[in-house]
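Enquirer: What follows is a predicted structure for the sequence shown.
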Amino acid sequence: MSGVQQPKLCLSCLAWVCYNQPVMQLATQLLAANRRGLARAISQVEDDGPDARSLLADLYPRTGGAHIIGITGAPGTGKSTLVNALARVYRAQDKTIGIVAVDPTSPFSGGALLGDRVRMRDLAGDPGVFIRSMATRGSLGGLARATADVILVLDAAGFDRILVETVGVGQAEVEIASAAHTTVVVEAPDMGDDVQALKAGVLEIADLFVVNKADREGADRAALALKMMQGLIPAAAGHHHHGHGGPAGHAEPGPQEDGGWLPPILKTIATAGEGVVELRDWIESHRRHLVATGQLQKRQATRAAAALDHILRERLLADLMTRLPAGQLPAAVDAIVRREIDPYAAVERLLAQASCRRDETAGRS
Ligand SMILES: Nc1nc2c(ncn2[C@@H]2O[C@H](COP(=O)(O)OP(=O)(O)OP(=O)(O)O)[C@@H](O)[C@H]2O)c(=O)[nH]1
Ligand SMILES: [Mg+2]
């Protein structure tokens, strides 16, 4: 770095300042004044630009304070409306709220994001709330990475709770949701078939179920269907509990004697704010449960290991690619297709070629 004053992100207030300017204190009021700095920091990590790594390195020690809440469910179940209402009841407790709306459906995202903005407009003037819609990435994997990094920035900025809305349709969304401490799965009465469809990946990650649009017919039926489904979910990793004295349907939801957690099934009318205080209180109860049982710590360790594994794989592969003589990879593909070599042997050969190259360059220097 040169001696010239570089604008630097102030870690306390997340504004872009020069070195000699006084560092301001983090406060809810200041977040309002520095929204532009925060937005800029988020754009940086979202685009994975040249300064993103050093920015995240600076911010990382300040993360870990926020509770991350995933809100997932089929399209149109009322997730955005619920997030909006939830943010308001959290604000009533003076908690600061970051909101990340993720929409990976490429052809419609423009319209959907615009819709979210309109619905969330009444929160927009509140300095204790920051809303960010995630633009579609080139790949779903890229979207998951960008979302995780944006959550880190909001965490470092001091938001107490971060609400992450994802449309629960595929593996990438489940991956995004796995970044959450508490995952809320949203259903609606008129989505009968989708209750079945959701069973595949999303039900297993639910800490709370919400049947939204409880003003509509069929809400009780949907709640009952979920309750029955709970009995079908295998008890995985202390996540769910099936009472020893009977089926899960007879156990009280919430913390269980064996340290497990039985997801409650709540009914809400997001448009009227009904049941939303109860939802907030259940989320907080789940948070306390995670802390009390040490599961928060455990989840964080699991996530750290997964992140490390992922980054390590990417780095090693990229490293290998730079060391591989040009044309070797397509040549190997051709050889496999021609049945001259099997894929395992091809990998061995590629690795040997890459390490030859390394010895060569090492010998030269
Ligand atoms: N009747 C009724 N309508 C609701 C309720 N909650 C949301 N809606 C309506 O349902 C529609 C979809 O709501 P959104 O909040 O956009 O749903 P979403 O799940 O975020 O939708 P996507 O992000 O597109 O997947 C809107 O017209 C809402 O006004 C509710 O409790 N009752
Ligand atoms: Mg939405």
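Expert: Yep, that arrived. Everything quoted here is computed from the prediction, not taken from an experiment. Ligands and ions are numbered 1, 2, ... in the order given.
Enquirer: How about the residues of the protein by ligand 2?
Expert: Residues of the chain lying close to ligand 2 (Cβ under 5 Å from the ion) are 79-80. Where you see a C-beta, it was placed from the backbone N, CA and C, and this is true even at glycine.
Enquirer: Where do the helices of the stretch 151-300 of the chain begin and end?
Expert: 171-177, 192-198, 219-230, 276-292, 295-323 (DSSP state H, counting those that start in this stretch).
Enquirer: residues touching the nearest residue to residue 186 once chain neighbours are set aside, list them.
Expert: Counting by Cβ to Cβ, 6 or more residues apart in numbering, residue 73 is the residue found nearest to residue 186 once chain neighbours are left out, at 3.3 Å. Residue 73 sits next to 79, 167-168, 185-188, 198, 202, 210 when contact means Cβ atoms under 8 Å, 6 or more residues apart in numbering.
Enquirer: how far out from the middle of the chain is stretch 76-94?
Expert: 17 Å (Cα atoms, centre = their mean, to the nearest Å).
Enquirer: still on that earlier bit, buried subset of the contacts of residue 73, written for ChimeraX?
Expert: Entered in ChimeraX, the line below selects the buried ones among the contacts of residue 73, by 16 or more other Cβ atoms under 10 Å:
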select :79,167,168,185,186,187,188,198,202,210
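Enquirer: and the least confident of the contacts of residue 73?
Expert: Within these, pLDDT reaches its minimum at residue 198, with 57.
Enquirer: Relative to ligand 1, how far out is residue 71?
Expert: Distance, residue 71 to ligand 1, using Cβ to the nearest ligand atom, to the nearest Å: 9 Å.
Enquirer: what about that residue, neighbour count?
Expert: Counted with other Cβ atoms under 10 Å, residues neighbouring residue 71 total 29.
Enquirer: same thing with residue 145?
Expert: 21.
Enquirer: next one: residue 92
Expert: For residue 92, the neighbour count with other Cβ under 10 Å is 10.
Enquirer: Next one: it relative to ligand 1, how far apart?
Expert: From residue 92 to ligand 1 the distance is 19 Å (Cβ to the nearest ligand atom).
Enquirer: Close to ligand 1: what parts of the chain are there?
Expert: With the criterion set to Cβ under 6 Å from any ligand atom, the chain comes near ligand 1 through 75-81, 112, 115, 167, 212-213, 215-216, 269-271.
Enquirer: which of these are buried?
Expert: Among the residues of the chain next to ligand 1, those classed as buried by 16+ other Cβ under 10 Å are 77-81, 112, 167, 212-213, 269-270.
Enquirer: just those residues: which has the poorest pLDDT?
Expert: residue 112 (44).
Enquirer: Can you say which of the helices of the stretch 151-300 of the chain is packed in most?
Expert: Of all the helices of the stretch 151-300 of the chain, helix 171-177 has the most neighbours on average by mean count of other Cβ atoms under 10 Å, namely a mean of 21.
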